[in-house]
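K.L.:
Predicted model follows, preceded by the sequence.
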Amino acid sequence: MHKCSIASPLSIAIAIAAGVALVGCSTPNTYLVYRDAKGAPDMQVDYPNSGFCKQVEAVAAGNVKCEGRSVASELGATATLYYDPPGLNVTAHYPNMSSCERANSRMAMGVKLLKRCAPKG
């Protein structure tokens, strides 16, 4: 059975969202959560406001939704990404180091890996 990588949809979503200005009401701790077919969290990106999160959600592929509750404690690795534009640092959480490194092996235009993958603990 082939398991689809989230790197491609995420790269597309990041590339589109990175070019859009931050809009919407400021809402701290807005989480874009990717879930697998069974509903378990597969990745989370922490955004500073709901407007930016909703813009990424609108173009993201797969089972992805902006949520008000973090699932970061259920995920085992993290990386910090920098979006330019708009000049925004975000933290991304992954199930494990392997999935983190795979997702960040090729970055979309305008996205840089600011802090490499690291295990939580």
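P.N.:
Here it is on my side, so go on.

K.L.:
Please count neighbours and contacts with C-alpha atoms only from this point.
P.N.:
OK.

K.L.:
Am I right that residue 100 falls within a helix?
P.N.:
Yes - counting by DSSP: H, G, I helix; E, B strand; the rest coil, one finds residue 100 located in a helix.

K.L.:
Please name the nearest non-neighbouring residue to the most centrally placed residue in the chain.
P.N.:
Most central in the chain under Cα atoms, centre = their mean is residue 45, positioned 3.3 Å from the mean C-alpha point. Nearest residue to residue 45 in three dimensions, chain neighbours excluded: residue 92, at 4.3 Å (Cα to Cα, 6 or more residues apart in numbering).

K.L.:
Also residue 81?
P.N.:
Of all residues not flanking residue 81 in the chain, residue 113 sits nearest, at 4.8 Å (Cα to Cα, 6+ apart).

K.L.:
Pairing partners for the biggest strand by length in the chain, with directions?
P.N.:
Residue-count comparison of every strand in the chain, with assignments taken from DSSP state E, identifies strand 111-119 as the longest. As defined by DSSP bridges, the strand partners of strand 111-119 come to strand 77-83 (antiparallel).

K.L.:
Residue 93 contacts residue 70, doesn't it?
P.N.:
No - if you go by Cα atoms under 8 Å, residue 93 and residue 70 don't touch, sitting 10.1 Å apart.

K.L.:
between these two, what contacts are shared?
P.N.:
Common neighbours of residue 93 and residue 70 are listed as residue 44 (criterion: Cα atoms under 8 Å, 6 or more residues apart in numbering).
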